[in-house]
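Student: build me a model:
(one chain, ligands or ions: 2)
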Amino acid sequence: MNQETRSKHSNLKKRAKFGIGKSVGVSRDKSKTLDSKKPGRRNDGGKLKNENASGYRGKSNYRGRKEGEFHRHENDGFAGRDFGGKNKRVTANDAGSKFNRKWESRDSGGDKRKKGENGESRNGFSRKYGDVKSENSGRLRGHVEEVKFGMKKVKSRKNVDGDSVATFDRPRRKRRLIRIEYPHDTANKRFDDSLPVIDNTKEQKKDPDTEEENVEMSKNAQFRAIQPSPSIISFVNENLLGRRREIEFKKAGYNIELSSPLDNVPFSTSSERERIEESVFRNKLAFFAAAKVSSSFPSPDLPEIAFAGRSNVGKSSLLNSLTRQWGVVRTSDKPGLTQTINFFNLGPKLCLVDLPGYGFAYAKEEVKESWEELVKEYVSTREGLKRVCLLIDTKWGMKPRDHELVDLMERSKTKYQIVLTKTDLAFPIDVARRAMQIEEVSLKTKKSAIQPLMMVSSKTGAGIRSLRTVLSNVSRFARL
Ligand SMILES: Nc1nc2c(ncn2[C@@H]2O[C@H](COP(=O)(O)OP(=O)(O)OP(=O)(O)O)[C@@H](O)[C@H]2O)c(=O)[nH]1
Ligand SMILES: [Mg+2]
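Tutor: Ligands and ions are numbered 1, 2, ... in the order given. Below is the predicted model of the structure:
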C-alpha cells in the first residue's frame, strides 16, 4: 500500500471511528477561539504545519496507528477545523503536503467540511500535538467542553500521552445579563422599583358586624360545623358505619374472614355466612333487558326498584351486595361503566334496575347527556317504578345534578330514598354529619322522599341488611 492510499484508508477509518461527519460538534465563530496575535497561526500556515508535524512525530503513536497516517490526518483535521472557511484552508494548503492537498480536494465543499470540522472538534484530535498545537487544540477542546459541560474555564488538560500538559486561562467573558421585563412578574422586579404604595389615607372603615356576616364559611368548614343528632350518632356506631378497624368488627361478633363481614348475623356460630332474612333477596338475580332509549324499555310487568346516582357512586356494587351475588352486575373503578338501563329479575316478584350514572364519566359529553336524559325519562315516566334509591357518595354529598334529579322526582311524584354509599371511606362522625346534612337541609321539605335515609357500605356490608328490609317491604306491598 503506497503512502497515499494508506493515508486515505487511515482517514476513512478514523472518520468512521470517531464519527466524523456524523456528529454535530460546536461550530462557533472560530476566529474567536484562535489567538490571532500569536505568530504562525493564520498567516504562516506552512510554519504551523511543520511545527505540528514535528510536534506529533516526537510523540508516541496514537492507539498504535502509524505516525505518518495519524499525523496526516490530524494535520488535515486541524487545518480543516481551525482554519476552516476563508482563512483556514490556506494553512493546510500552504503546508504543501500532498496528503493535505488530497484531503483538501476530497473534503472541499461547505457541508462536508463543516461536518469534518464539527466532528473533529468533538473528537479532539488535535490534543495529541506539540506545544503550539496542543495549546491551540486545548483552547478548542476547552471551548468544546465549555459548551458541553457548561464549564467556565479549562485550566489544564493532559495530552493523550500524559506528558504534555497545556495550561491556560481563558479570558473571562463578561456575561450579558438579559433582563426581560414582564409587567406582572415580580421575580424581575427590584425592591426599589415601583413598590406598591399603600395609601393609608383612603383606608375604608368597615363595620365589623357587617364584615362578619359577609365572610362566607368554606363548604368544608360548614360541613365540619354540623352537629349530628345523638340518634344519628348512635345509629352510625351501632351499625359500625364509617371507617373502622377490624378489631371492632371482631368485638361486635362479626366474622372478618368473610367478605362484607357486616352483612351477617353477629355472634353467629357458623363459619359460613347466615342466609339472607328477606326471602325476596334470596332469589337469583338475572339480567333480562338493557335499554339505551325509552322505546326499548321492557313492559312493566313487575314492581321495579331502581338505583340511580352519579357515576362511580356504587350502584352496580350495591345490587351485587344486596343479593350477595357478586359478579352478576359488572362494576368498575372507572366512572361510566354502566351505559344502558339494565333490568334484572330478582325472582318472579321483583325487578331491580341498574341505571347509568350521571356527572363525571369517561365518555363523550353528548353520550353522557343522552344517559342523563334517559335516566330522567325513566324515573319520571316509568310505570311500575316503586322506588328509586338515589345513591349519594358519603364523602362528596349531594351535587347539583343530584338535586336536579330530586326536583324531577318531586315533580313526577316518584318515591325515592337517599342511600349514602361508601360509608367505609369516611370517618363515623362524617357519616353522621352527612346524614344530618342531607336530612335537615336537602330533604326536609321534600314530599316524595322516603325516610329514613339509608347508609351502606358494599365493601364492609354495613347497613346492607337494613336496606334489604326496607326494599323487601316495597316489593311486598307493591301493587301494579
Ligand atoms: N370502598 C368502597 N368502594 C366501593 C363501594 N361501593 C362501590 N365501591 C367501588 O366503587 C367503584 C364503582 O362502583 P360501581 O358499582 O361500578 O359504581 P357505579 O355507580 O355502578 O358506576 P357507573 O356504572 O360508572 O355509573 C368500584 O371500584 C367499587 O369497587 C363501597 O361501599 N366501599
Ligand atoms: Mg354501574
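
Student: near ligand 2, which residues of the stretch 251-400 of the chain?
Tutor: 315-316, 338 (Cβ under 5 Å from the ion). (C-beta placed from N, C-alpha, C; glycine too.)

Student: again, only using 6 Å
Tutor: 315-316, 337-338, 354 (Cβ under 6 Å from the ion).

Student: where in the stretch 51-200 of the chain is pLDDT low?
Tutor: The stretch 51-200 of the chain contains residues with pLDDT under 70 at 51-171, 176-200.

Student: could you rerun that using 50?
Tutor: Counting by pLDDT under 50, the stretch 51-200 of the chain contains low-confidence ranges at 51-166, 185-198.

Student: which one of the residues of the stretch 251-400 of the chain next to ligand 2 has the most neighbours?
Tutor: residue 315 (29 neighbours; other Cβ atoms under 10 Å).

Student: hmm, back to that, distance to ligand 1, pLDDT and secondary structure for the residues of the stretch 251-400 of the chain next to ligand 2 - can I get that in TSV?
Tutor: Conversion of these to TSV gives the following (distance: Cβ to the nearest ligand atom, whole Å; pLDDT from 0 to 100; DSSP: H, G, I helix; E, B strand; the rest coil):
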residue	distance to ligand 1	pLDDT	secondary structure
315	4	94	helix
316	3	93	helix
337	4	86	coil
338	3	87	coil
354	7	95	strand
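
Student: looking at the residues you listed, which is nearest residue 427?
Tutor: residue 315 (23.6 Å; Cβ to Cβ).

Student: who's in contact with that closest one?
Tutor: 307-309, 338, 354-355, 357, 391 (Cβ atoms under 8 Å, 6 or more residues apart in numbering).

Student: would you work out how far apart the start and end of stretch 448-465 are?
Tutor: 23 Å (Cα to Cα, to the nearest Å).

Student: swap that for stretch 438-449, please
Tutor: Stretch 438-449: ends 11 Å apart by Cα to Cα.

Student: do stretch 308-320 as well
Tutor: 15 Å.

Student: now do stretch 381-390
Tutor: Start-to-end, stretch 381-390 (Cα to Cα) is 16 Å.

Student: try stretch 243-262
Tutor: By Cα to Cα, the extent of stretch 243-262 from end to end equals 13 Å.

Student: any idea of the mean pLDDT in that stretch?
Tutor: Computed over stretch 243-262, the mean pLDDT rounds to 93.

Student: what about it, near ligand 1?
Tutor: No - on the criterion Cβ under 6 Å from any ligand atom, stretch 243-262 is out of touch with ligand 1, staying 9.1 Å away.

Student: got the buried residues for that stretch?
Tutor: Counting neighbours by 16 or more other Cβ atoms under 10 Å, one finds that the buried residues in stretch 243-262 are 244, 249, 254-255, 260-262.

Student: between these, which is nearest residue 326?
Tutor: The closest of the buried residues of stretch 243-262, once distances to residue 326 are taken by Cβ to Cβ, is residue 260, at 8.7 Å.

Student: on that earlier part again, among the contacts of residue 315, which has the minimum pLDDT value?
Tutor: Comparing pLDDT over the contacts of residue 315, the lowest reading goes to residue 338, 87.

Student: identify the residues contacting stretch 372-384?
Tutor: 291-294, 297, 300-304, 306, 308, 341, 351, 353, 355-356, 358, 385, 388, 401, 405, 408-409, 411-412, 414, 416, 480.

Student: need the residues of the stretch 251-400 of the chain next to ligand 2 in a markdown table (columns: distance to residue 175).
Tutor: Listed next are these as a markdown table, based on distance: Cβ to Cβ, whole Å:
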| residue | distance to residue 175 |
| --- | --- |
| 315 | 64 |
| 316 | 64 |
| 337 | 59 |
| 338 | 63 |
| 354 | 68 |
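
Student: of the residues you listed, closest to residue 229?
Tutor: Nearest to residue 229 among these, with distances taken as Cβ to Cβ, is residue 315, at 28.1 Å.

Student: is the residue lying closest to the closest one once chain neighbours are set aside bridged to anything, and to what?
Tutor: Leaving out its chain neighbours, the residue that sits closest to residue 315 by Cβ to Cβ, 6 or more residues apart in numbering is residue 307, at 4.3 Å. When bridges are called by DSSP bridges, residue 307 pairs up with residue 354, residue 389.

Student: quick revisit: list buried residues within the contacts of stretch 372-384.
Tutor: 291, 297, 302-304, 306, 308, 341, 351, 353, 355-356, 358, 385, 388, 405, 408-409, 414, 416.

Student: which among those residues are in contact with ligand 1?
Tutor: residue 356.

Student: next up, the contacts around residue 480.
Tutor: 300-303, 384 are the contacts of residue 480 under Cβ under 8 Å, 6+ apart.

Student: swap the cut-off to 6 Å and go again
Tutor: Residues near residue 480 by Cβ atoms under 6 Å, 6 or more residues apart in numbering: residue 384.

Student: now the buried residues of stretch 243-262 as TSV including secondary structure?
Tutor: Output for the buried residues of stretch 243-262, formatted as TSV (DSSP: H, G, I helix; E, B strand; the rest coil):
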residue	secondary structure
244	coil
249	helix
254	coil
255	coil
260	coil
261	coil
262	coil
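
Student: confidence score at the closest residue to residue 341 other than its chain neighbours?
Tutor: Nearest residue to residue 341, sequence neighbours excluded (Cβ to Cβ, 6+ apart): residue 291, at 4.6 Å. In this model, residue 291 is scored at 94, pLDDT.

Student: check residue 406 too.
Tutor: 95.

Student: how many other residues sit next to it?
Tutor: Residue 406, neighbours per other Cβ under 10 Å, totals 21.

Student: wasn't it part of a strand?
Tutor: No - counting by three-state DSSP, residue 406 is not found in a strand; it is helix.

Student: touching, residue 263 and residue 464? I think so.
Tutor: Yes - counting by Cβ atoms under 6 Å, residue 464 is a contact partner of residue 263 at 4.5 Å.
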